[in-house]
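A.B. asks: For reference, the sequence and a predicted model appear below.
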Amino acid sequence: MEKKIEMKKDFSCIGMVMLIGAILITVLQVVGSTVVAMAAPDLIENYDVVLAATMVPVFVIGYPVIIAMLGKKGMDTLEKHTMSVKDMIVAFMMCYGLLIIGNWIGIGITTVIGLAKGSEVTNPLFNIVQSGNVWLNALYTVILAPIFEEIIFRKFICGKLVKYGQGVAIVTSALIFGLFHGNLSQFFYAFFLGLFLAFIYVKTGNVKYNIVLHMMVNAMGTVVSVLIMQSLDLETSAGMIGMGIYSICIYGIAIAGIVMMIVKRKSLLTVEPGEVIIEKNERFSTIIGNAGMLLYTIFWVVVMIVQALFL
């Protein structure tokens with residue numbers, strides 16, 4: 001009984017830290033946008049200014065505070081393994097395949113909700129990508145976000161949970177990562193991508209591979225796609241042909257990644273047990289059935305419901 005209580009405490013502490021971090025980040029973003037509205041009302045319509053006011057505090061204060069609260073205590077030092085350039089390319093294709101699958105699931109669910117409520121369910125990431133300066137967006141989504149998120153969700157969270165087994169660390173960190181995105185449009189592909197990135201981390205023990213892969217995936221969505229779309233005139237046949245070629249390339253990468261996942265499914269499903277074993281019939285109650293993880297999950301589920309139904 002004492003052992004189970006100790007295990008639940010480990011997961012609860014992580015959940016509580018992430019909940020406090022989520023609330024802190026939300027407050028920072030509200031304060032940032034409010035300051036702009038009060039200090040320079042004429043700039044409230046400037047997307048770049050508002051984005052800077054809401055995102056800079058997250059990277060300067062929010063994420064560092066989460067890292068400090070998580071701390072290095074209880075983190076396992078994983079055995080280091082290298083990835084070749086070829087391995088990274090294959091991994092990127094797999095990432096993109098998972099992203100496309102998750103994206104279509106999210107689109108399907110939000111479309112159904114949108115039809116039921118009579119209005120479209122918005123995707124916050126789409127608004128970021130389509131508005132403002134592409135290079136400023138790249139700074140936040142391609143450079144800063146991958147660095148901080150991989151350190152938090154993979155290095156720290158996986159590092160603390162891998163003692164319970166690689167599978168437990170992978171699934172738990174992916175769930176926390178998916179929920180952290182705060183909306184149904186992004187939850188599924190963030191969860192799937194989180195699964196794969198966590199797998200890469202526990203197998204290599206080196207977060208630099210995760211950061212590079214995360215940067216590559218985000219760059220495709222927030223820089224490459226935007227630049228290509230801006231360069232195409234979809235009212236012309238040349239523009240439509242260009243769009244068709246781009247779509248073929250994107251889905252070609254995704255399909256190739258999915259095929260490779262199927263081919264390599266045995267190795268992808270091979271995870272090592274940890275020093276501490278959680279019995280199968282006690283996994284849910286131990287991992288989720290604790291104060292921290294329950295409150296964290298409830299917080300984000302409520303945010304997702306509000307965002308999907310009322311915003």
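C.D. replies: Alright, I've got the coordinates. Numbers count the residues shown, from 1 in each chain.
A.B. asks: CA only for contacts and neighbour counts going forward, please
C.D. replies: OK.
A.B. asks: Return the residues in contact with the residue lying closest to M293 once chain neighbours are set aside.
C.D. replies: Spatial nearest neighbour of M293, excluding adjacent residues (C-alpha to C-alpha, 6 or more residues apart in numbering): G15 at 4.3 Å. G15 sits next to A291, G292, M293, L294, L295, Y296 when contact means C-alpha atoms under 8 Å, 6 or more residues apart in numbering.
A.B. asks: In what element of secondary structure is G15 found?
C.D. replies: Taking DSSP states H and E as the criterion, G15 maps to helix 2-39.
A.B. asks: Any quick PyMOL command for the buried ones out of the contacts of G15?
C.D. replies: The following PyMOL command selects only the buried members of the contacts of G15, with burial defined by 16 or more other C-alpha atoms under 10 Å:
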select buried, resi 292+293+294+295+296
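A.B. asks: how much space between the closest residue to V65 other than its chain neighbours and F180?
C.D. replies: Across the structure, with C-alpha to C-alpha, 6+ apart as the measure, the residue nearest V65 apart from its sequence neighbours is G21 (7.3 Å). Relative to F180, G21 is positioned 10 Å away (criterion: C-alpha to C-alpha, to the nearest Å).
A.B. asks: just I298 next, same as before
C.D. replies: Here the distance between I298 and F180 works out to 12 Å (C-alpha to C-alpha).
A.B. asks: Name the nearest residue to L234, sequence neighbours excluded.
C.D. replies: Spatial nearest neighbour of L234, excluding adjacent residues (C-alpha to C-alpha, 6+ apart): M240 at 5.2 Å.
A.B. asks: do F92 as well
C.D. replies: Nearest to F92 is L213, by C-alpha to C-alpha, 6+ apart, at 6.1 Å.
A.B. asks: Nearest the middle, which residue of this structure would you pick?
C.D. replies: The central residue of the chain, meaning the one whose C-alpha is nearest the mean C-alpha position (C-alpha atoms, centre = their mean), is A190 at 4.1 Å.
A.B. asks: For it, which residues are in contact?
C.D. replies: With contact set as C-alpha under 8 Å, 6+ apart, A190 has these partners: L99, G102, A174, F177, G178, H181.
A.B. asks: Who wins on neighbours among the residues you listed?
C.D. replies: Using other C-alpha atoms under 10 Å as the neighbour criterion, A174 leads those with 27 neighbours.
A.B. asks: Give me the pLDDT value at that residue.
C.D. replies: Reported pLDDT at A174 in the predicted model: 98.
A.B. asks: cool, G74 as well?
C.D. replies: 84.
A.B. asks: Let's verify the closest residue in space to it that isn't next to it in sequence: helix, strand, or coil?
C.D. replies: Leaving aside its chain neighbours, G74 sits nearest to K160 (5.6 Å; criterion: C-alpha to C-alpha, 6+ apart). Remark: K160 carries the secondary structure label helix [criterion: DSSP: H, G, I helix; E, B strand; the rest coil].
A.B. asks: and K160, what does it touch?
C.D. replies: G74, M75, D76.
A.B. asks: G182 too?
C.D. replies: G182 makes contacts with W300, V301, V303, M304, as judged by C-alpha under 8 Å, 6+ apart.
A.B. asks: Tell me the helix or strand right after the helix or strand hosting C249.
C.D. replies: For C249, the element it lies in under DSSP H and E is helix 237-263. Tracing the chain past helix 237-263, the next element assigned as helix or strand by DSSP H and E is helix 265-268.
A.B. asks: can you give me the helices for the stretch 51-200 of the chain?
C.D. replies: 63-70, 85-117, 124-130, 134-138, 145-149, 157-161, 166-180, 184-204 (DSSP state H, counting those that start in this stretch).
A.B. asks: Just confirm G102 contacts Y189, I think it does.
C.D. replies: Yes - with contact defined as C-alpha atoms under 8 Å, G102 counts as touching Y189 (3.8 Å).
A.B. asks: Show me the shaky parts of the chain.
C.D. replies: Screening the chain residue by residue with the criterion pLDDT under 70, one finds the ranges 1, 124-131.
A.B. asks: ok so, going back, deepest of the helices of the stretch 51-200 of the chain, which one?
C.D. replies: For the helices of the stretch 51-200 of the chain, the stretch with the most neighbours on average is helix 157-161, a mean of 27; neighbours defined as mean count of other C-alpha atoms under 10 Å.
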